[in-house]
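Participant: sequence isn't available, so here's the structure alone:
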């Protein structure tokens, strides 16, 4: 019996559900019951009929699933899969910013303790809508400064980044020169990038959006070649759909790749890597996440 067959058998026996982010390797995406970006998985987590959830992504995402599903057991394949950007924003920084009286929007790429201090959460898919929904004239957003700039431009409100230069190393790798080179190399090309990319890169792209939004754009695009500026996992998923997609530059999230099929199997078998969030923090973080859903209604 192959490892994949063992996972399928064990998953069925335990009535478990596997959720996988778009940046996971294809073998993990293929055995997942649901795959998507942070927003899609956060919503799906509240609707799955299972007592055991195996979440394949990074720490802050698994925390969000656990927060939204306090009565379910959430386990991860690798406890070392931690997002470096999430560590760039602390609860103290949020409290200090809020002294101004303006609302604070916590990107989902933050720890539960940060979400607990924020007024509302957002994802890369809905950051502009959330900013527009909660800010009369000004708001704070962190930790990704490029996402804050994107939300500010789209929502036409003053979105102040906290910290000032917070970033994702995966998307910081993309440069203006990469876009110029891609347009010179390929004919009939469209360039799509993630809002965590530098603003200068965003300005040269044909489309800027979350991983799920980029996937939908790719499925409808008539371009002969699609150049994609995000983590390589999404490009592999787009290619699996039969679309000619190439990376703007090969950029890999090391932390996302710490999850493996072996880790998924072990998580199902042993149920040891349980994600737990203190209920005092979880209840406050849950309010911020649920407010995001209300803003999106």
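Facilitator: Yes, it's here. Computed from a prediction, not measured in an experiment: that's the story for all the values here. Numbering: from 1, shown residues only.

Participant: make it CA atoms for all contacts and neighbour counts henceforth
Facilitator: Will do.

Participant: what is the worst-scoring helix or strand of the chain on mean pLDDT packed up against?
Facilitator: Within the chain, no helix or strand scores below helix 38-45, which has a mean of 79 by mean pLDDT, DSSP states H and E. Other helices and strands packing on helix 38-45, by 3 or more Cα pairs under 8 Å, 6 or more residues apart in numbering; DSSP states H and E, are strand 16-21, strand 34-36, helix 59-68.

Participant: hmm, try it at 7 Å
Facilitator: helix 59-68 (3 or more Cα pairs under 7 Å, 6 or more residues apart in numbering; DSSP states H and E).

Participant: buried stuff in the least confident helix or strand of the chain?
Facilitator: 38-39, 41-42, 45 (16 or more other Cα atoms under 10 Å).

Participant: looking at the sheet around the spatially closest residue to residue 160 that is not a sequence neighbour, what are its partners?
Facilitator: Leaving aside its chain neighbours, residue 160 sits nearest to residue 140 (4.6 Å; criterion: Cα to Cα, 6 or more residues apart in numbering). With DSSP bridges as the criterion, residue 140 is bridged to residue 104, residue 160.

Participant: residues near residue 140, how many?
Facilitator: By other Cα atoms under 10 Å, 25 other residues sit near residue 140.

Participant: again with residue 169
Facilitator: A count of neighbours around residue 169, defined by other Cα under 10 Å, yields 15.

Participant: got it, and residue 111?
Facilitator: Neighbourhood size, residue 111 [other Cα under 10 Å]: 25.

Participant: repeat that for residue 187.
Facilitator: Neighbours around residue 187, by other Cα under 10 Å: 11.

Participant: and the gap between residue 296 and residue 290?
Facilitator: Distance of residue 296 to residue 290, given as Cα to Cα, to the nearest Å: 10 Å.

Participant: in the helix or strand residue 201 falls within, what's buried?
Facilitator: For residue 201, the element it lies in under DSSP states H and E is helix 199-204. Buried residues in helix 199-204, counting neighbours by 16+ other Cα under 10 Å, are found at 199, 201-202.

Participant: what's the burial count for the nearest residue to residue 249 once chain neighbours are set aside?
Facilitator: Nearest residue to residue 249, sequence neighbours excluded (Cα to Cα, 6+ apart): residue 174, at 6.5 Å. Neighbourhood size, residue 174 [other Cα under 10 Å]: 23.
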